[in-house]
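**Student:** Structure for the following, please:
(one chain, ligands or ions: 1)
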Amino acid sequence: MSDTAQQLSERFISLTGREPDGLWSAPGRVNLIGEHTDYNEGFVLPFAIDRRTRAAVGLRTDRVIRVTSTFDDTSVEFQLTELDAAHTAGHIVGWSAYPLGVAWALGQHGADLTTVPGVDIIIDSTVPVGAGLSSSAAIESSVALALNALWSLGFSREKLAQVGQLAENEVVGAPTGIMDQSASLLGESDSAVFLDCRSLDVAVVPLGLAQAELSILVMDTRVSHSHATGGYAERRAACEAGAAAMGATSLRDVNVSDLDRARELLDDVTFRRVRHVVTENQRVLDTVRVLNEEGPLAIGALLDASHLSMRDDFEISIPELDLAVETAQAHGAIGARMTGGGFGGAAIALVPYESVAEIENAVKEAFAARGFAEPVTFTVTPSTGAERNNTE
Ligand code: GAF
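**Tutor:** Predicted structure coming up:
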């Protein structure tokens, strides 16, 4: 059970003996389409969801940063000036790597950690962990926005997204791209964030779900995954090797029309990794066009094709995700796909209002029949990005 704003403030007061200077919140995200394209300088189309991390933050009179969470009552603290050495020595571990990593990364981007005041931070979250909905970016973005304000840094939201990514890459140790932090910081209600991960240009794309009487249903398989280990880094390396063999700086520069040449040059596995990214970039562009011209009822085939590409070419799906997608499709979804980095986490389905309950039941029954753990299903609403909130 997560705290209300007032409970979080009271928790801050009982821990520190004073009021927080403010409360900031940032959402998790669902990626509508564009998977494993961000670190290939391609296109993504995520949206911020109505599940948020909240951070109650207050300045201290010394130079200590102390982080506490409601999901793990321990506190971790360092001198701000010690963060760099602690990171190098591998002493920043567990969930505290996200908020402490952000403070460190702000320093790398120009904040003077020898002069800014210390802070107490208490974190609370309603973003499920390990579900592929980016609970990590939600922590990073709420803390980045808070420290940006309290330390008067004046960094743009785009820069704060880069700060969050740097924290994740260097302190958490996951070689992820810029998508999740961008969605969490730049999301707007009823809309998706169309991001060009090369130029970092952003366009807000209205989704029009309510007018079309459509919901986005999340089907969390509860198969947990981590991008700091294993498959994610391997996929990234295969993309880089594929681009290099094609003589391209990144797969952004490889087009669908280059795929015949790619097939001749690359081994089968690398070719399929490349084909996923190249066709997925095109699917993102097509989805944006179709949304603008025809609306969300017309994007189902693109979502379905994206899932098949991740299942067969990029090989990041798992049987639970495939089952969720296929069951949703068979029970009236407009389209469905796994979302996020893969190897576990959640699938999404674009669903007419009247089919939501039927699909939720059908997915649960299908999982039981296959002997899989019961999935958690819920609808999400495209929501506003990170913001400062009232403390009451
Ligand atoms: C994870 C990463 F954090 C993102 O940067 C992105 O690569 C995604 O997997 C796959 O599209 O969420």
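
**Student:** residues near Pro46, how many?
**Tutor:** Neighbours of Pro46 under the rule other CB atoms under 10 Å: 30. In this view, the C-beta of every residue, glycine as well, is placed from N, C-alpha and C.

**Student:** now Glu213
**Tutor:** Glu213, neighbours per other CB under 10 Å, totals 11.

**Student:** swap in Ala238?
**Tutor:** Ala238, neighbours per other CB under 10 Å, totals 22.

**Student:** residues in contact with it?
**Tutor:** 269-270, 273 (CB atoms under 8 Å, 6 or more residues apart in numbering).

**Student:** Filter the residues you listed down to just the ones in helices.
**Tutor:** Using DSSP state H, the members of the contacts of Ala238 that fall in helices are 269-270, 273.

**Student:** Let's see the one helix or strand Val204 maps to as PDB, backbone CA atoms only.
**Tutor:** If you go by DSSP states H and E, Val204 is part of strand 202-206. Output in PDB follows, covering the C-alpha atoms of strand 202-206 (Å, rounded to 0.1, in the frame of the first residue of the first chain):
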ATOM      1  CA  VAL A 202      10.200  15.400 -29.300                       C
ATOM      2  CA  ALA A 203       6.600  15.600 -30.600                       C
ATOM      3  CA  VAL A 204       3.600  15.000 -28.500                       C
ATOM      4  CA  VAL A 205       1.100  12.700 -30.400                       C
ATOM      5  CA  PRO A 206      -2.500  12.700 -29.200                       C
END
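
**Student:** Next up, the contacts around Asp120.
**Tutor:** The contact partners of Asp120, taken as CB under 8 Å, 6+ apart, are 12, 15-16, 20, 57-58, 60, 66, 68.

**Student:** change it to 7 Å
**Tutor:** By CB atoms under 7 Å, 6 or more residues apart in numbering, the contact list for Asp120 reads 16, 58, 60, 66.

**Student:** circling back: quick one: list the elements packing against the strand holding Val204.
**Tutor:** strand 191-196 (3 or more CB pairs under 7 Å, 6 or more residues apart in numbering; DSSP states H and E).

**Student:** Now the strand it packs on - C-alpha only, PDB.
**Tutor:** Output of strand 191-196 as PDB, limited to C-alpha atoms (Å, rounded to 0.1, in the frame of the first residue of the first chain):
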ATOM      1  CA  SER A 191      -0.800  11.500 -25.500                       C
ATOM      2  CA  ALA A 192       2.300   9.600 -26.500                       C
ATOM      3  CA  VAL A 193       5.900  11.000 -26.700                       C
ATOM      4  CA  PHE A 194       7.300  10.600 -30.200                       C
ATOM      5  CA  LEU A 195      11.100  10.800 -29.700                       C
ATOM      6  CA  ASP A 196      13.800  10.800 -32.300                       C
END
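
**Student:** who touches the residue of the stretch 251-392 of the chain found nearest the ligand in this structure?
**Tutor:** Per CB to the nearest ligand atom, Gly341 is where the stretch 251-392 of the chain lies closest to the ligand, at 3.1 Å. Residues near Gly341 by CB under 7 Å, 6+ apart: 132, 225, 227, 232.

**Student:** swap the cut-off to 10 Å and go again
**Tutor:** 31, 35-36, 132, 134, 174, 176-177, 179-180, 225-227, 231-232, 235, 316 (CB atoms under 10 Å, 6 or more residues apart in numbering).

**Student:** Tell me the spacing between Tyr232 and Ser96.
**Tutor:** Distance of Tyr232 to Ser96, computed by CB to CB, to the nearest Å: 21 Å.

**Student:** Mind checking which of those two has more residues around it?
**Tutor:** Using other CB under 10 Å as the criterion, Tyr232 and Ser96 rank with Ser96 on top: 24 against 21.

**Student:** Quickly list what the residue nearest to that one when sequence neighbours are not counted is bridged to.
**Tutor:** Using CB to CB, 6 or more residues apart in numbering and skipping residues adjacent in sequence, the residue nearest Ser96 is Val76, 4.1 Å away. Per DSSP bridges, the residues bridged to Val76 are Val67.

**Student:** Helix or strand for the residue of the chain most remote from its centre, just tell me which one.
**Tutor:** The C-alpha centroid of the chain is most remote from Glu264, which lies 34.7 Å away (CA atoms, centre = their mean). Using DSSP H and E, the element containing Glu264 is helix 259-265.
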